[in-house]
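[1] got a sequence here, can you build the structure:
(one chain, ligands or ions: 2)
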Amino acid sequence: MQKKLHIKTYGCQMNVYDSARMADSLAPLGYGATPQLDDADMVVINTCHIREKAAEKVFSELGRLRKIKNARMEEHGRDMVIVVAGCVAQAEGEEIARRAPWVDVIVGPQAYQNLPALIGKIDPSSRQAVVDTEFPVADKFDLLPTNESPRGAAAFLSVQEGCDKFCSFCVVPYTRGAEFSRPADSIIAEARRLIKGGAVELTLLGQNVNAWHGEGLDGRVWDFGRLLFALAELSGLKRLRYTTSHPLDMHEALYQAHAEIPQLMPYLHLPVQSGSDRILKAMNRRHSRDDYLRIIDRLRDVRPDLALSGDFIVGFPNESDGDFADTLNLIARVDYASAYSFKYSPRPGTPAANHDGQIDEAVKSARLTSLQQLISAQQQKFNHSKLGAVMDVLVERPASKAGQKAGRSPWMQAVHFHAASGEIGDIIPLKIVGAHQNSLAGCVAS
Ligand code: 5AD
Ligand code: SF4
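    Ligands and ions are numbered 1, 2, ... in the order given. A predicted model of the protein is given here:
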């Protein structure tokens, strides 16, 4: 009988990708996915540690799982294996093992290739989790089984992991480890498999994806721009995207890629975090506000229809009203199509957590609200600017509303349209007839 696997994923797209690869690696052990947690023989929670109270949320989730696990055992005599994966597992592995002894396996993001072996080591008579939070030197991507299962019309492909930047607020360099770039041949092989499985759009993933510098097909070190040019040659690949990028890693070949590769979509997520030079310095970003604005200008020179998105942190230690005003006027100057914004949250082990001058919660909340109002207005304006336009939409899935399908514009906008209008994986021209805060409505262009 097939065993049932339920994976609950928190956090970034990297985790979404990792969850899919973990599911692949568990298939040979007889596990197939189920959306039903109560029904599962194994539950994996793939955790995120980037912001507030991450560990506490994991412990309360584990409390719930313990009850389900015990009830199953009592009622049916069947165990439910509990696996904690992701960045909280990496950062708090020992604490989880101590406080939640009903957890069977704790596995960090660099050790997923060992998951089947770790499952094999579970000893039901011991109340001791099997833990693997090592950072191996080998390429985990090569050691994970290849993904034969279809991933849909738009798929993720991890090309780079880890971060050497050490922004003073961020846990990623500690949980995901040092920067690592997969070699081009293994990326291209995976891209081919995804395309064969039905993907027409690939989003290349990495914590600092444009810092990718891996072994090229010619044995030399390539930069990220060069990798994009190589991927653009794959037949059947109609759209390319990448995320998340860092201003310090913009380079010539990447500007050229935006200018010359038609498949590279005109949308870029380029976080800046703050518009104040003083705060950027304290954040250890190692670029100024002007550096960032120059990059944006240059990108818009080569690709005038480029839409931008970013990440912002408000209430970083010592952020004054003037610093915050600089962030608002940077946003006004860039004019974003969308953005993510967060209240600064001190993360254990990061330098900024110990800075003097931590900002009051009420001030953080007020700043977040005014920043989000500005971004919302920009997003509305951007969406409205597409009214009446005809654009290519990738048909991705049935929409939650009956009789409709959902897809994406070149600028990452969700577009809803009549279900008869195209098959999953088609790219169809649609006329935009409605513009909302978070989506567009389209109909077949006549
Ligand atoms: N507090 C608030 N936001 C954070 N981010 C990362 N670390 C923190 C933190 N300690 C945000 C940054 C980053 C995004 C993924 O999460 O904006 O770009
Ligand atoms: Fe974190 Fe900065 Fe690295 Fe991004 S660049 S993952 S924010 S340390």
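
[2] buried set for stretch 119-137?
    Within stretch 119-137, the residues that count as buried by 16 or more other CB atoms under 10 Å are 119, 129-133. Quick note: C-beta positions are derived from backbone N, CA and C, even for glycine.

[3] using JSON lines, please lay out those residues together with distance to ligand 1 and pLDDT.
    Listed next are the buried residues of stretch 119-137 as JSON lines, based on distance: CB to the nearest ligand atom, whole Å; pLDDT from 0 to 100:
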{"residue": "I119", "distance to ligand 1": "30", "pLDDT": "93"}
{"residue": "A129", "distance to ligand 1": "27", "pLDDT": "88"}
{"residue": "V130", "distance to ligand 1": "30", "pLDDT": "90"}
{"residue": "V131", "distance to ligand 1": "25", "pLDDT": "91"}
{"residue": "D132", "distance to ligand 1": "25", "pLDDT": "87"}
{"residue": "T133", "distance to ligand 1": "20", "pLDDT": "87"}
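
[4] between those, which is closest to ligand 2?
    T133 (18.6 Å; CB to the nearest ligand atom).

[5] ok, the closest one - contacts?
    89-90, 93, 106-108, 110-111 (CB atoms under 8 Å, 6 or more residues apart in numbering).

[6] what do you get for L115?
    22, 25-26, 83, 85, 105, 107.

[7] could you do D104 as well?
    By CB under 8 Å, 6+ apart, the neighbours of D104 are 81-83, 119, 122, 129-130.

[8] mind checking which of these are in strands?
    81-83, 130 (DSSP state E).

[9] take these and lay them out in TSV including distance to K67.
    Formatted as TSV, those follow (distance: CB to CB, whole Å):
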residue	distance to K67
V81	16
I82	12
V83	17
V130	22
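
[10] ignoring the adjacent residues along the chain, who's closest to C12?
    Spatial nearest neighbour of C12, chain neighbours left out: C48 (6.8 Å); criterion: CB to CB, 6 or more residues apart in numbering.

[11] and the one you found, how many residues sit next to it?
    Using other CB atoms under 10 Å, C48 has 19 other residues around it.

[12] shouldn't it be in contact with Q13?
    No. Applying CB atoms under 8 Å, one finds C48 not in contact with Q13, separated by 11.1 Å.

[13] before we move on, back to that, and of the ones in strands among the contacts of D104, the nearest to ligand 1?
    Using CB to the nearest ligand atom, the ones in strands among the contacts of D104 come closest to ligand 1 at V83, 24.1 Å.

[14] output the below-cut-off pLDDT ranges for the protein.
    136-151 (pLDDT under 70).

[15] can you give me the helices in it?
    Ranges of helices in the chain, per DSSP state H, are 13-26, 54-76, 86-99, 115-120, 140-143, 172-175, 184-196, 224-232, 252-260, 277-282, 289-302, 321-334, 361-384.

[16] mind putting these into TSV with distance to ligand 2?
    What follows is these, written out as TSV (distance: least, CB to the nearest ligand atom, whole Å):
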stretch	distance to ligand 2
helix 13-26	10
helix 54-76	14
helix 86-99	11
helix 115-120	24
helix 140-143	18
helix 172-175	4
helix 184-196	20
helix 224-232	15
helix 252-260	16
helix 277-282	11
helix 289-302	13
helix 321-334	16
helix 361-384	18
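
[17] okay if I get those helices as a markdown table plus distance to K4?
    Below are those laid out as a markdown table (distance: least, CB to CB, whole Å):
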| stretch | distance to K4 |
| --- | --- |
| helix 13-26 | 11 |
| helix 54-76 | 12 |
| helix 86-99 | 21 |
| helix 115-120 | 14 |
| helix 140-143 | 25 |
| helix 172-175 | 29 |
| helix 184-196 | 25 |
| helix 224-232 | 35 |
| helix 252-260 | 43 |
| helix 277-282 | 48 |
| helix 289-302 | 46 |
| helix 321-334 | 46 |
| helix 361-384 | 39 |
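
[18] ok, back up a step: now the ones in strands among the contacts of D104 as JSON lines including distance to ligand 2?
    Listed next are the ones in strands among the contacts of D104 as JSON lines, based on distance: CB to the nearest ligand atom, whole Å:
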{"residue": "V81", "distance to ligand 2": "31"}
{"residue": "I82", "distance to ligand 2": "28"}
{"residue": "V83", "distance to ligand 2": "25"}
{"residue": "V130", "distance to ligand 2": "28"}
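
[19] closest one to I424 out of those residues, please.
    V83 (31.1 Å; CB to CB).

[20] kindly state the beta-bridge partners for the closest one.
    V44, V105 (DSSP bridges).

[21] still on that earlier bit, ok, which of the helices of the chain comes nearest H416?
    helix 361-384 (12.5 Å).

[22] so who does the residue lying closest to Q160 once chain neighbours are set aside touch?
    The shortest distance from Q160 to any non-neighbouring residue, by CB to CB, 6+ apart, is to G206 (3.0 Å). Going by CB under 8 Å, 6+ apart, G206 touches 14, 158-161, 212, 242, 244.

[23] nearest to ligand 1 among those?
    Closest to ligand 1, out of all of the contacts of G206 and judged by CB to the nearest ligand atom, is T244, at 6.8 Å.

[24] so what's the nearest residue to that closest one once chain neighbours are set aside bridging to?
    Counting by CB to CB, 6+ apart, T244 lies nearest to H269, which is 5.7 Å off, once chain neighbours are set aside. On the basis of DSSP bridges, H269 is bridged to S309.
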